[in-house]
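Student: Sequence first, then the predicted structure:
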Amino acid sequence: MVSALRRRAGSVARFVLLVFLVTVATFLLLELIPGSPIDALLPQDATPEQIAAAREQYGLDQPIWARYLTWISSVLQGDFGRSYQTGLSVAEQIAERAPVSLELAFLAVFVALAISIPVGVWSAYRPGGLIDRVSTFVISATLATPAFVLGILLVYVFAVQMKILPLLGWTPFSEDPVEHIQRLVLPVLTLAAGECVLFTRLLKGDMMATLQQDHVLSARARGLPTWRILLRHALRQSSFSLVTVSGVVIGRLIGGTVLVEAIFSLPGMGTLVINAIHSRDYLIVQAVVLLTAVLYLLINTLVDLTYPLLDPRVRKVRTS
Amino acid sequence: MSTDTRPKVAEPATATGGNVLEVENLRVWFDTPRGWVRAVDGVDLSLRRGETLGIVGESGSGKSVLSRAIMKILAPNARVLPGSTIRLNGVDLATVNPKTNKHLWGVDLAMVFQDPMTSLTPVLPVGKQLTETLRYHLGLDKKAAHEEAVRLLRLVGIPEPEKRFHQYPHNLSGGMRQRVTIALAISCSPKLLIADEPTTALDVTVQHQILNLLADLQEKSQMSMILITHDLGVVAGRTDAIAVMYAGRVVETAPTPRLFANMRHPYTRALIDAIPKVTMSSHTRLASIPGRPPVIIDPPPGCSFAPRCPSAQERCLKETPRLEPDPDAPVHSAACFYPLGTPDGGAARERNIAAGVTAAGTPVSPEVTV
Amino acid sequence: MTETVRERVDAAPAPQRPTASPEREPAQKKRRKRRDIGAAFGAVWIGLVVLGAITADWLPLRDPNEVTDVFAGPPSGEFLFGTDAIGRDVLSRIVFGARISMAVAIGATSIAMIIGVALGMCAGYFRGKVDAVLSLIVNFVLAFPPLIFLIALVTALEPGLLTLVVALALIGVPNFARVARANTIAFADREFVTAAKALGARPLRILTRELLVNVMLPVMSLALVVMATLVVAEGSLSFLGVGVPPPAPSWGGMLAAGRESLSEHPLLVLIPALFFFLTVFSFNRLGDWARGRVGRESSI
């Protein structure tokens, strides 16, 4: 009992440490960028006194560690500050944009899994069969097509040539559900394609190994129906890597929807951050990085927790 | 003069019908990047009701592949070549439609695997694995299946079966796991049980118990059994007939007492000689079979054992001997041109000892017993 | 008895049994051949691209930045791949753009490999605190959204080829570290390492003499995959406008520029897309071939 608590405490401590490191790194990184956040606010011919006054107003004259502490303490109180550029609350801006990116990320993983699991399972079951060969070919092709290339190609084919899907832009769900979904199709597909490749390969590899194991052979020798063996006896066992990787992928995608947002002109966190970097609007960048890192680590921890559910061998033995 | 080479238990009876299992010219080749691996290269067997056949051979002899071919659980790159026949109670297993015969495997045919740790699904409780089979094949409802499963667990000698029902394989000891595997195998009263090295992964004391359990169950239900092992000691007292395999073929087969008393094939002799005996003095050099494992990818012509056989002659390097019955005792067959205990065989051995080397170039010393 | 029973048996005609082998070649052999052909193609293509990148200056090409008055012209005798929106020769831009892609791919991968393998092997060999620290670093790098990190870094330092290479190398380190660590752990248990230790070999010697050779095999196969990834990463960054700054030609930049006129002049997008595709495809084929020879531990 005690050791389990200690382990939990250890994980929490690591979590906090990592988040701390990430935020510090962001701070330092932004420090390196030439120019300062308020450059755009001041007129060209501002006098040194005006500049100094502005810096003091925004607290930019403080040493870096002091600024960091100030920021952290206000974050912990829920205040992410106000954008230098627009004066709007950072938290508000993020809240407006975050759902887009999150929706993209989760949907992409979900779609990727929905495609990869059946394909992976069947390819492992019938290696060299039609589905296996077709999917391997498609995978090779997709793998070789970078996301942005794929996105543009998809736009070209579906939006420009075939004109069945809208070109660019975003419609919130509340406004028009149908169009919302329409606009989601291509971006989600673009994102999902890359992950499909990873998932299918992973699952197929693990499944093939599991299918050669004695317990699967034993189940087959007992004449149990194929679908049952694939799902009950084999899939659960082979899914550990997939689950881990899914978690990592979601975390990665949350911060990584930038490209797709750029291609399809979607108002997500990615574009927000890029603009913020360009315009030196650091508070936004810091807040987004913090959020992304926290989400990534949270998701990974959640994934770790699901292991015992999947694999009984890992569970604590209640009675010896 | 019958050239029927299949092992027979009693004196040659005319029974060809009534065989639980008949295997004819079974060839199983594997498709690998380096070419075709001839794991099983022409095997004939038959088995009657209630009999036990022991199949003995070293690793790579094809005995496991043979069992898996019968159970239809070969690896995806295996090919059962045309001309191979496997018949269970007259039903041709190769051509039978798996969809209409859903209840053949697991019911009439069952298998016990070597490693109990890996032959049970780790993520399902032991009881669930039992009830799954019972409900699928016998159509029992949940409650009836549960009761039957507990009964089976008790039958195979697992204490506290109710408790064990809910446990996972990793909660059980090796011996208990193997008992569960046996319970799984006999759950639907099979006509034929194949036990592939059922005791190799177990402690010696447990081995004995498991083998006794199998014999016990067999007696109660008149189930036929094939016992596959590399250990002659296991088959010695527990089988009605034995088939010795080497390089994918059966090289000798006979009723058990006859095999041990009158072995014909030099390989069988070598196997028995390799067993250390209690009566040997300490520091006795153990007899081993010289040479390397046989080539089973595009093998050269000739007897596959020739490179290691103390009796090898020129003919052995060119022609492949077929499994032929001994003219004096047709129940006993060997695939050898110069079998032990025959004048030809004796002469061949003498020649080699005199020359100090066999036709294949393997050195021979006089201590090799004839 | 003049003839033995045996001879009579031998003389009896043997029943015919089919013994012929299947005619066709085993499928696995064919598959292996196919994979080798794919890898060979990959090697040839990469070789061509690298060659082009190195010798670009001496090839009979137009200046990639030279503006002509043929705007968005189709492929012709004069301009093999046509021209872009402001009249520059697409072919020469592609060849010069290859420089950047290859420099990044090969350069950044090499740096990442050296650092990553060193860190990973130390973590895998010494375990304990060293391992814990490395694990922390790896998780730290992974928790940081990579594109944001890259964009910020590139903005912070002078945008340019060197920055790109350094930034991408940093991103690649965790992958190599992980594979190196996993393989070091696997090999450190083997007898030849124990034997070396028993002979009194110092850790550095064991790491470099015994373990490095074994670890490098899966690492090399990973390197090929990472190269593919970095070609894509460079392209992405150029696409977003934070890669090598214009007017230097880069495949990603060409793609971004071509997007403006996607419907009228699709070639401007399709040509760089094709080069991306072939290059990444080639790296992947080579990576697959290498992985097939090495084994499974070379995956991430």
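Tutor: Great, that's in hand.
Student: which one is the residue of the stretch 201-300 of chain C at minimum distance from chain B nearest to, not counting chain neighbours?
Tutor: Nearest residue of the stretch 201-300 of chain C to chain B: C:G292, at 9.6 Å (C-beta to the nearest C-beta). Heads up, the C-betas are built off the backbone N, CA and C, glycines and all. Of all residues not flanking C:G292 in the chain, C:R35 sits nearest, at 6.3 Å (C-beta to C-beta, 6 or more residues apart in numbering or on different chains).
Student: same question, A:M207
Tutor: Per C-beta to C-beta, 6+ apart, closest to A:M207 is A:A124, 3.4 Å.
Student: Show me what from chain B comes close to chain C.
Tutor: Chain B has residues B:1, B:3, B:25, B:29, B:31-36, B:42, B:77, B:79, B:81-83, B:322, B:324, B:327-328, B:342-344 near chain C, with proximity defined as C-beta under 8 Å from any C-beta of the partner chain.
Student: the helices in the stretch 201-320 of chain A, which residues?
Tutor: A:214-221, A:226-228, A:236-256, A:258-264, A:269-278, A:282-310 (DSSP state H, counting those that start in this stretch).
Student: pull the longest helix from chain B.
Tutor: Ranked by residue count, the top helix of chain B under DSSP state H comes out as helix B:204-221.
Student: and that helix, what other elements does it pack with?
Tutor: On a contact count with 3 or more C-beta pairs under 8 Å, 6 or more residues apart in numbering or on different chains; DSSP states H and E, helix B:204-221 meets helix B:174-186, strand B:192-196, strand B:224-229.
Student: Do me a favour and average the pLDDT over the last one.
Tutor: Rounded to a whole number, the mean pLDDT of strand B:224-229 is 92.
Student: Check whether it comes near chain A.
Tutor: No - judged by C-beta under 8 Å from any C-beta, strand B:224-229 stays clear of chain A, getting no closer than 13.1 Å.
Student: repeat for the longest one
Tutor: Yes - counting by C-beta under 8 Å from any C-beta, chain A has neighbours in helix B:174-186: B:T181, B:L184, B:A185.
Student: Now that the first one has come up, it's in contact with B:F113, right?
Tutor: Just to be clear, that refers to B:T181. Yes - when contacts are counted by C-beta atoms under 8 Å, B:T181 is listed as touching B:F113 (6.5 Å).
Student: and whichever residue of the stretch 51-200 of chain B sits closest to chain C, which of the three is it?
Tutor: At 3.9 Å from chain C, B:G83 is the closest residue in the stretch 51-200 of chain B, using C-beta to the nearest C-beta. Secondary structure assignment for B:G83 (DSSP: H, G, I helix; E, B strand; the rest coil): coil.
Student: Now do it against B:M71, distance only.
Tutor: Distance, B:G83 to B:M71, using C-beta to C-beta, to the nearest Å: 20 Å.
Student: do the same with A:V16
Tutor: 55 Å.
Student: Run through who's touching the helix or strand containing A:F137.
Tutor: Here A:F137, judged by DSSP states H and E, is contained in helix A:130-143. Residues outside helix A:130-143 that contact it (C-beta atoms under 8 Å, 6 or more residues apart in numbering or on different chains): A:119, A:122-123, A:126, A:150, A:193-194, A:196-197, A:200-201, C:228, C:277, C:280-281, C:284-285.
Student: circling back: count the neighbours of the residue of the stretch 51-200 of chain B closest to chain C for me.
Tutor: Applying other C-beta atoms under 10 Å in any protein chain shown, we find 14 other residues in the vicinity of B:G83.
Student: Quick check: it touching B:W29?
Tutor: No - counting by C-beta under 8 Å, B:G83 stays clear of B:W29, with 12.0 Å between them.
Student: Secondary structure element holding residue 22?
Tutor: Since you didn't name a chain, this refers to chain A. Counting by DSSP H and E, A:V22 is found in helix A:2-32.
Student: sorry, should have said chain B
Tutor: Short version, using DSSP H and E: B:E22 is in strand B:19-32.
Student: and the stretch 201-320 of chain A, which residues reach chain B?
Tutor: Counting by C-beta under 8 Å from any C-beta, the stretch 201-320 of chain A sits next to chain B at A:212-225, A:228, A:232-233, A:236-237, A:310-313, A:317.
Student: ok, now with 7 Å
Tutor: The stretch 201-320 of chain A comes close to chain B at residues A:212-215, A:217-224, A:232-233, A:236-237, A:311-313, as judged by C-beta under 7 Å from any C-beta of the partner chain.
Student: Show me what from the stretch 101-250 of chain A comes close to chain C.
Tutor: Near chain C, when you scan the stretch 101-250 of chain A using C-beta under 7 Å from any C-beta, you find A:G128, A:S140, A:L143, A:A144, A:T145, A:P146, A:F148, A:V149, A:I152, A:L153, A:Y156, A:V160.
Student: count of residues packed around the second one?
Tutor: Meaning A:S140. 16.
Student: among the helices and strands of chain A, which has the poorest mean pLDDT?
Tutor: helix A:48-57 (a mean of 73; mean pLDDT, DSSP states H and E).
Student: Buried residues, that one. List them.
Tutor: The neighbour-count check on helix A:48-57 (16 or more other C-beta atoms under 10 Å in any protein chain shown) flags A:A54, A:R55 as buried.
Student: And it, what does it pack against?
Tutor: Based on contacts counted as 3 or more C-beta pairs under 7 Å, 6 or more residues apart in numbering or on different chains; DSSP states H and E, there is no element that helix A:48-57 packs against.
Student: Does at least one residue of the helix or strand just after it sit close to chain C?
Tutor: Where DSSP H and E defines the elements, the next helix or strand beyond helix A:48-57 is helix A:64-76. No - judged by C-beta under 7 Å from any C-beta, helix A:64-76 and chain C are separated, with a smallest distance of 14.4 Å.
Student: Taking helix A:2-32 as reference, get the angle to helix A:64-76.
Tutor: When axes from the mean of the first three to the mean of the last three C-alpha atoms, to 10 degrees is applied, the directions of helix A:64-76 and helix A:2-32 differ by 120 degrees.
Student: number of nearby residues for the residue in the stretch 151-300 of chain B that chain A sits nearest to?
Tutor: Nearest residue of the stretch 151-300 of chain B to chain A, counting by C-beta to the nearest C-beta: B:Y168, 4.8 Å away. Residues contacting B:Y168 under the criterion other C-beta under 10 Å number 19.
Student: residue of chain A with the smallest distance to chain B?
Tutor: Counting by C-beta to the nearest C-beta, chain A gets nearest to chain B through A:G223 (3.3 Å).
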